[in-house]
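Undergrad: I'd like to go over a predicted model; first the sequence, then the structure.
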Amino acid sequence: MAIATSLDVTALRADFPALSRTTAGGTPVIYADAPGGTQVPRSVVEAMGDYLVWHNSNIEGGFAATRETDDMIRAARIDAGHFVGGDPDGIAFGQNMTTLNFSLSRAIGRTLRPGDHIVVTRLDHDANVSPWWILAEDLGLELSIVNVTPELDIDLDNLRATITSRTRVVAYTLASNAVGTVTPARAIADLAHRAGALAVADAVAYAPHRRIDVEALYCDVLLCSPYKFFGPHLGIAWVRPALIPSLRPDRVRPAGMEPPGHRFETGTLSHEAIAGFRAAVSYLAGIGGGEETSEALDRAYSLIGDHERSLARTFLDGIAGVSRIRLHGPAGVDDRVCTFGLAIEGVAPAQAARDLDARGIFAWNGNFYAQGVMQSLGVPLEEGILRLGFAHYATHDEIERCVSALADIAGAPS
C-alpha cells in the first residue's frame, strides 16, 4: 500500500456526515467549533450502533455477549495505549476527563500530607485546576498558580521559582483550549520530576492536532477526551503503571483491580462509547495507512500537522490584515494548535458568534472554563472571548470564508 504524503481532505470529508450540513438558505456550514468537540466519521456512529444492537451487555459474565464486551474493552485498552504511546495497563476509561481527574486527584491526595505543595497554571482548563484546588482546601495543602507569559504560554521562570522541595504535583496543559498555545511540556515534566513531584498533563486540546507520546512527554498522568478527536463523549486517563500500586482510588469493594488502570473505573462504563473510541482510533490510523498501530498514528499525525499548519498560516495571515481584530496567544504556526482566541474591536464575543452563525459559521464565545487565561487577559469571565478552531477536515476555502466573515463583522475590508 502506498503511503500518502499529504491529506486528501476532499476524500476524508466524505467520511463525516455532518460536513454536508447547510443553513436554511442552502449555505454550507463551516464547523469552526472544533475546540469544543469535533465531528465524527461515519465509522464511529456505525461502531456504536453495532455494539448496542449486537453485543450490548455488562461485563464479566458467562455468555457470549458479555464475553464480547470484555474482549472489546481489552482491545480498547490496547488501542488507547497505542494512542497515548504508553503501556495499556495504565489506561482507565470514564465519564469524561473532569470526572477522571477528580477521582485521580483524590487517589493521589491519599499519599499527601498537610503542608505538601501542588502547582497549577493560569493557562489550564479548570478541569486540571479545581480538582487540585479543592484537594488542597480539604487536606491543608499549599497550592500555587503559575503565571503565563505575554504570549499566553506557561512562564517557565515563574514555574522554576514556584516549585519547592515540598511540591508533590505539577498539573499543566499540553495545549490551551482557549487560545491554542502548545506548551513546553517536556521541560515542565523535567522540572516537576527534579523536585520529586508528579507531572499531570491535560491533553484534551492537544490530542486532535498532535501526536501524544507519554514517554517522550515524561508525564506520570495524562488525560484526554475522545469527543475532541473524532470520537464519542468519553474520558481517558493514562497513569504510569509503576505509580498505580501506591494509589487507593474510591471504588466499591467487590470490583476487580486488574488491569491496573481498571481500579480508577467506577460503575458500569459506556461500552458503546468505548466501541466508538476504538473506531475513532482506527479512523486516525487509517489516515496513516495502517491499523491501530503506533506507526500508523505517527504518520497520520504528521499529515494532520502539515495540513493544520497550512490552515493556521492562512488564517493568521488573513486576520493580520484586519486592524480591528486582535489575536490572543502565539502568532506563529509552530507554537500553537489550530485554535484561535480573538477580540473584535467594538463587537462583543457573543454578538460576533451570533453574526458568524448567521453566515453559516459555527464558532464559540465565552471563557471555555479557562478562567486563568481570561484573568490574564483582563477579560470578564461572563464575557470571555471569541474562539474559532479547526480540525483536519477543514479546507482553505473555509478558512478564507471565515476570515472574510470576521472582517465583515469587524467593519473592515476583507
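TA: Ah, there it is.

Undergrad: what stretches of the stretch 101-250 of the chain score poorly on pLDDT?
TA: Applying pLDDT under 70 to the stretch 101-250 of the chain picks out no residues at all.

Undergrad: and stretch 109-116, how far apart are its ends?
TA: With C-alpha to C-alpha, to the nearest Å applied, stretch 109-116 spans 10 Å between its terminal residues.

Undergrad: Run through the helices of this structure in chain order.
TA: Assigned by DSSP state H, the helices in the chain fall at 9-13, 42-50, 64-84, 97-109, 130-139, 156-162, 185-194, 214-217, 271-287, 294-320, 349-358, 371-377, 396-409.

Undergrad: Can you list the neighbours in contact with the last one?
TA: In this case it means helix 396-409. If you take C-beta atoms under 8 Å, 6 or more residues apart in numbering as the criterion, helix 396-409 is touched by 30, 32, 310-311, 314-315, 318-319, 321-322, 325, 342, 344, 347, 352, 355-356, 359, 361, 363, 388, 390, 413-414. C-beta: built from backbone N, CA, C; applies to glycine.

Undergrad: got the CA positions of that helix in PDB?
TA: Provided in PDB are the C-alpha atoms of helix 396-409 (Å, rounded to 0.1, in the frame of the first residue of the first chain):
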ATOM      1  CA  HIS A 396      -8.500  26.500   2.900                       C
ATOM      2  CA  ASP A 397     -11.700  27.800   1.300                       C
ATOM      3  CA  GLU A 398     -13.500  27.500   4.600                       C
ATOM      4  CA  ILE A 399     -10.600  29.400   6.400                       C
ATOM      5  CA  GLU A 400     -10.800  32.200   3.800                       C
ATOM      6  CA  ARG A 401     -14.600  32.400   4.200                       C
ATOM      7  CA  CYS A 402     -14.200  32.700   8.000                       C
ATOM      8  CA  VAL A 403     -11.600  35.500   7.600                       C
ATOM      9  CA  SER A 404     -13.900  37.300   5.200                       C
ATOM     10  CA  ALA A 405     -16.800  37.000   7.600                       C
ATOM     11  CA  LEU A 406     -14.700  38.200  10.500                       C
ATOM     12  CA  ALA A 407     -13.500  41.200   8.500                       C
ATOM     13  CA  ASP A 408     -17.100  42.000   7.600                       C
ATOM     14  CA  ILE A 409     -18.200  41.700  11.300                       C
END
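
Undergrad: average pLDDT across it?
TA: Average pLDDT, helix 396-409: 98.

Undergrad: Before I go, just wanted to say thanks for your time.
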